[in-house]
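S.K.: Provide a 3D model corresponding to the input given below.
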Amino acid sequence: MSPVEFEESSVIKVLGLRWCPSKDCFSYKVSLSQPTSCTKRRILSDASRVFDPLGFLAPVVVAIKIFFQDLWREKVGWDDDVPQELEKRWTTIRDELHLVESILIPRVMWSNRTNKELHAFCDASLDAYAAVVYCRSVDTNGNVTVSIVAAKSRVAPIKVLSLPKLELCGALLLTKLVDKIKTSLQEANIRVFAWTDSSIVLHWLSTAPKKWSVFVANRTSEIQSSIPFKSWNHVRSVHNPADVASRGIPPSLLSSTDIWWQGPCWLKKQPTEWPVSHYNVNDIPCDILEQRKSTKVQALMQGFWKRWHQEYLTSLQSRPKWQKAQRNLEVNDVVLLKEDNLPPSKWILGRVTEIHLGQDNKCRVATVKTINGSYVRPVVKLAPLPLTERPESSRGGQNVLN
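M.R.: Numbers count the residues shown, from 1 in each chain. Modelled structure (predicted):
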C-alpha cells in the first residue's frame, strides 16, 4: 500500500479537534460567536463548542462543568440572565478559551519501544473527580518517554458525598478508562500501575468487599476484578496530575502545567526512584471506613438478644403455679368447676371428695362431687373458694350440694 501524502499546511478536522499531518500533532479550534447575552442557553451553546473526546482539556472542561452545576443550583431559567457573579466567572473562562488553540499534543505515544507501561492517576475534590492515564515507554538505549493517553472527569453529584467516597469514584473511573484504553490499543497484557493519594481507598481495596457498606463494596468489587490490589500505589497529592483535573484550572494556565502533559517528573526515572507506597491504617478514623454495620454490631446484638431472651423475656409471663408454693386441695374443700365457654357466675359449685397426689406429693387431680354427679378434674380447672372455715364433712357436704 502506497503511503498517503499530505500537504504541509493541510489540517484534518473532526468537529473541534484537528490533526496536523506534517507535525503529527493534535490541536484544538474553538470558534465562539460574539456574545449578545449571558443566558443559560447561550452559555451551554458556547461550552458545547469545546470538543474534547480524549480528555486532553479535562482541567478546563471540568471547570466549565463545575460552573454549570453552580448555575443549575441557582435555578436560572434557560432564557433568563444569570446572576452577576456567575456571569463574571463565565466571562473569564470564555475570554480565555481561545488560548487552548496553541496547545499541540503529539499523536504517537511510542514507536519501536521495548518496554511499555500504563500509569493511571486518580483524584477527587468536593467539586469533581478525575482520572488521567500516561504511557511510559523505554527504548533499547534506555531513553524514557512519557505521553498523555487520555483523561476523564466527572462533577460530584449534587447529593453530598464524603471525600473518601468521591476518591473511590475516581478510582472506579480510572479502572473503566484503563480498560477502554487497553481494548483500543489491543494491548491486553500491558502492565498497569494505578496511583491514588487516598490511603482510605487503598485500605478499601486491600480487603474483601463484603466487609464494607454497599456503596463501597460495589465499587471495590468492580475495581478489584479489573486492577488487582498489587497494582495500586500511593502517591503524594503534589505529584498527582489528576489533582489538576479534579479542581479545574483556567485555560490560560493549562499549556504551562507540565505535570498534566508529562506526568510527575519521577516517571522518567528508574523504578527504584519512584515513591514508595506507605500509609498507616491506624491513622484512618474508624467512622469513615464505611464498614458494614453488621460486622461491627452483630456480635453485640446477638449477645444482647441472648441475655434479653433468657433473663427478661421469660419473666414477662409469670408462672405462679410453678414458682410459688401453693396449698394442696384437701377433702371437703369447696370449689368451682371452671368452664371456658361459661362466665364465672355460671360455674358449677362442688366439693372435693378425693385427691390424687403425684410422686412429689403435689395434688394435681381431684375428684369433685356436684349436684349433677362426680367428676375427676385437674386442679387448674378448679377454683377453690376462700372460706374461712372448712365445712364439716357430713353437714357441709349436704348444705353445699343438696
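S.K.: so how far is stretch 356-370 from its chain's centroid?
M.R.: Chain-centre distance of stretch 356-370: 68 Å, with C-alpha atoms, centre = their mean, to the nearest Å.
S.K.: First-to-last residue distance for it?
M.R.: Taking C-alpha to C-alpha, to the nearest Å, stretch 356-370 runs 18 Å from one end to the other.
S.K.: Buried ones in that stretch, by neighbour count?
M.R.: For stretch 356-370, the neighbour count (16 or more other C-beta atoms under 10 Å) marks 363, 365-370 as buried. Glycine gets a C-beta too; all of them are placed from N, C-alpha and C.
S.K.: Can you list which of those residues are found in helices?
M.R.: In this view, the buried residues of stretch 356-370 have no member that belongs to helices under DSSP state H.
S.K.: For those, which two are the farthest from each other?
M.R.: Pairwise distances among these were taken by C-beta to C-beta; the largest, 18.5 Å, belongs to Cys363 and Thr370.
S.K.: buried ones in stretch 333-349?
M.R.: By neighbour count with 16+ other C-beta under 10 Å, stretch 333-349 contains the buried residues 333-337.
S.K.: Take stretch 88-108, keep the C-alpha atoms, and write them as PDB.
M.R.: Coordinates of each C-alpha in stretch 88-108 appear next as PDB, following Å, rounded to 0.1, in the frame of the first residue of the first chain:
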ATOM      1  CA  LYS A  88     -18.300  37.300  35.700                       C
ATOM      2  CA  ARG A  89     -17.000  33.800  36.200                       C
ATOM      3  CA  TRP A  90     -18.200  32.700  32.800                       C
ATOM      4  CA  THR A  91     -16.800  35.700  31.000                       C
ATOM      5  CA  THR A  92     -13.300  35.000  32.400                       C
ATOM      6  CA  ILE A  93     -13.500  31.400  31.200                       C
ATOM      7  CA  ARG A  94     -14.900  32.300  27.800                       C
ATOM      8  CA  ASP A  95     -12.400  35.100  27.100                       C
ATOM      9  CA  GLU A  96      -9.500  32.500  27.700                       C
ATOM     10  CA  LEU A  97     -10.900  29.600  25.700                       C
ATOM     11  CA  HIS A  98      -9.100  30.600  22.500                       C
ATOM     12  CA  LEU A  99      -5.800  30.000  24.300                       C
ATOM     13  CA  VAL A 100      -6.200  26.200  24.100                       C
ATOM     14  CA  GLU A 101      -5.600  26.600  20.300                       C
ATOM     15  CA  SER A 102      -1.900  27.000  20.900                       C
ATOM     16  CA  ILE A 103      -1.600  23.500  22.600                       C
ATOM     17  CA  LEU A 104      -0.100  20.700  20.500                       C
ATOM     18  CA  ILE A 105      -0.400  17.100  21.600                       C
ATOM     19  CA  PRO A 106       1.900  14.500  19.900                       C
ATOM     20  CA  ARG A 107      -0.200  11.700  18.300                       C
ATOM     21  CA  VAL A 108       2.400   9.000  18.600                       C
END
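S.K.: what sits up against that stretch?
M.R.: Contact partners of stretch 88-108, identified using C-beta atoms under 8 Å, 6 or more residues apart in numbering, comprise 19-20, 23-30, 32, 35, 38, 43, 46, 50, 56-57, 60, 63-64, 67, 82, 147-148, 250-252, 254-255, 261.
S.K.: Give me the distance between that stretch and the centre of its chain.
M.R.: For stretch 88-108 - counting by C-alpha atoms, centre = their mean - the centre lies 36 Å from the chain centre.
S.K.: Please apply the same query to stretch 378-387.
M.R.: In terms of C-alpha atoms, centre = their mean, the centre of stretch 378-387 is set 65 Å apart from its chain centre.
S.K.: Need the mean per-residue confidence for that stretch.
M.R.: Per-residue pLDDT values across stretch 378-387 average out to 86.
S.K.: repeat for stretch 63-82
M.R.: The pLDDT scores in stretch 63-82 average 90.
S.K.: From the rest of the structure, what touches that stretch?
M.R.: By C-beta under 8 Å, 6+ apart, stretch 63-82 touches 37-41, 43-44, 47, 50, 83, 86-87, 89-90, 93, 127-128, 153-155, 158, 248-250.
S.K.: so of those, which ones are in strands?
M.R.: Among these, the members found in strands (DSSP state E) are 128, 153-155.
S.K.: Among the residues you listed, which one has the most neighbours?
M.R.: Using other C-beta atoms under 10 Å as the neighbour criterion, Ser153 leads the ones in strands among the contacts of stretch 63-82 with 26 neighbours.
S.K.: what's the strand or helix carrying Val132 packed up against?
M.R.: Per DSSP states H and E: Val132 is located in strand 128-138. Applying 3 or more C-beta pairs under 8 Å, 6 or more residues apart in numbering; DSSP states H and E, we find strand 128-138 packed against helix 58-73, strand 115-124, strand 144-155, helix 163-185, helix 242-247.
S.K.: could you check the angle strand 144-155 makes with the first one?
M.R.: On the basis of axes from the mean of the first three to the mean of the last three C-alpha atoms, to 10 degrees, helix 58-73 is oriented at 0 degrees to strand 144-155.
S.K.: The second one now?
M.R.: Relative orientation of strand 115-124 with respect to strand 144-155: 30 degrees, computed using the same axes, to 10 degrees.
S.K.: So in that sheet, which strands flank strand 115-124, and in what orientation?
M.R.: Partner strands for strand 115-124, per DSSP bridges, with pairing direction: strand 128-138 (antiparallel), strand 191-196 (parallel).
S.K.: looking at these, which is closest to Val214?
M.R.: Closest among the strands paired with strand 115-124, using C-beta to C-beta: strand 128-138, at 19.4 Å.
S.K.: coming back round to it: of all the buried residues of stretch 333-349, which comes closest to Leu185?
M.R.: Leu337 (94.4 Å).
S.K.: Residues contacting stretch 139-149, please?
M.R.: Contact partners of stretch 139-149, identified using C-beta under 8 Å, 6+ apart, comprise 54, 56, 105-106, 108-110, 112-114, 118-119, 132-138, 181, 260-263, 267-269.
S.K.: Contact partners for the closest residue to Trp110 other than its chain neighbours?
M.R.: Nearest residue to Trp110, sequence neighbours excluded (C-beta to C-beta, 6 or more residues apart in numbering): Ser137, at 3.9 Å. Residues near Ser137 by C-beta under 8 Å, 6+ apart: 109-110, 113, 115-117, 144-145, 147.
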